[in-house]
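Student: could you work out the structure for the sequence below:
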Amino acid sequence: PCAPKFQRTLISRILGNRMYVGELHHGEKVYTGKYQLLISPLTFQKCQDILAGRRRRQGRPQLLFSGGLLKCAYCGYSMPGEQINRKLRNGRGFTPHVYYKCTNRYPPEGHPKAVRMSEVRIEDTIRREFAALRMTPEMVEWVHDTIEAVFGESSRLYAYKSQALKRRREELERRQERLLDSYIDGKLDDADYNERLTRTKAELEEVSREIELTGLEPKEGDKVRTVQIFEYSQKIDELWDGSSFEGKREILETISSNRMIDATSLVLTKRCPFDEIEKWAKKKIGEVKGIKFEPCVLMPIFSSPMRV
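Tutor: Numbering: from 1, shown residues only. Sure, this is the predicted structure:
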């Protein structure tokens, strides 16, 4: 048969050529090209992740943090995992060790030679992050009481504010009618009428916008969901221990938006409201008792768009 037109090595070089994403390499320096990119950096990185996976030995088990969950803190590259089987000293078997490492072949200046971390150490760090969300029983009780009070007060406040705004809108509409009547009767000249009408219309538009916002008042379902999210944060370590492979990945993505590894540590960027819960978890009950929240302080914290 005829020889293939493209050798595998040539295809590999083409797929790994960073010129397609605007990087020009000359010696140890990297320059940014001013031409139109042939593919997006995201597509290019997905291709590199696939190639990195194909280079590893086949038949390996699924790795918990593979698939782009972890990123290099220095260059933003995904950190795929690899399993290394180390022989036991007696020669009668092996011990599997899983590591995740940066696969950037053209790292920027200042990038360490190797950015790598074991799966065991990563999971230990994640467990510590979960533990940081835990509150004392007294703090948990205080949070539940505060949520109850805030949502109850918020509903009353929104009802009162909505009624007041609607009355104000009716008053402004009547003012517009009186201005027109005065203008027709000759009591106002063109300049005076236009000035007063412009101010009235601007105020009417502002009141109408506020009325729309009051339509977003907290409802009973919001309070229930707030409590569910808070309780989820307090038992997340137990959920982690009892979850499957996919369940753990879902928990990690629910809690954090970014998971960056540098030369020494894993840093999780927690999503709202878990970042706020962690701040409160560091406080003692004596620091928070007596704090009076304005209505709806807690609601935006706990009502983020997430599934629990």
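Student: what segments of this structure are strands?
Tutor: The residue ranges that make up the strands of the chain, judged by DSSP state E, are 23-26, 29-32, 71-72, 81-87, 94-101, 116-118, 256-261, 266-270.
Student: could those strands go into TSV alongside mean pLDDT?
Tutor: Rendered in TSV, the data for these read as follows (pLDDT from 0 to 100):
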stretch	mean pLDDT
strand 23-26	75
strand 29-32	72
strand 71-72	94
strand 81-87	85
strand 94-101	88
strand 116-118	95
strand 256-261	93
strand 266-270	94
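Student: for Glu276, which of those strands is the nearest?
Tutor: Across these, the minimum distance to Glu276, taken as Cβ to Cβ, is reached by strand 266-270, at 8.8 Å. From N, CA and C alone the C-beta is placed, and that goes for glycine too.
Student: and that closest one, what other elements does it pack with?
Tutor: Packed against strand 266-270, as judged by 3 or more Cβ pairs under 8 Å, 6 or more residues apart in numbering; DSSP states H and E, are the following elements: helix 119-131, strand 256-261.
Student: how about the longest one, which residues are buried there?
Tutor: Residues of helix 119-131 classed as buried by neighbour count (16 or more other Cβ atoms under 10 Å): 119, 122-123, 125-126, 129-130.
Student: so which residues make contact with it?
Tutor: Applying Cβ atoms under 8 Å, 6 or more residues apart in numbering, the contact partners of helix 119-131 are 63-65, 70, 81, 98-100, 236-237, 240, 252, 255-256, 261, 265-266, 268, 270.
Student: chain center to it, what's the gap?
Tutor: With Cα atoms, centre = their mean, to the nearest Å as the basis, the distance from the averaged C-alpha position of helix 119-131 to the chain average is 19 Å.
Student: that helix to strand 266-270, inter-axis angle?
Tutor: For helix 119-131 against strand 266-270, the angle by axes from the mean of the first three to the mean of the last three Cα atoms, to 10 degrees is 30 degrees.
Student: ok, the last one next?
Tutor: With the same axes, to 10 degrees applied, the angle from strand 256-261 to strand 266-270 works out at 170 degrees.
Student: what's the angle from strand 256-261 to strand 94-101?
Tutor: In this structure, strand 256-261 runs at an angle of 110 degrees to strand 94-101, with the same axes, to 10 degrees as the basis.
Student: hmm, back to that, buried members of the contacts of helix 119-131 into ChimeraX, please.
Tutor: What follows is the ChimeraX syntax for the buried subset of those, where burial is set by 16+ other Cβ under 10 Å:
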select :63,64,65,70,81,98,99,100,236,237,240,252,255,256,261,266,268,270
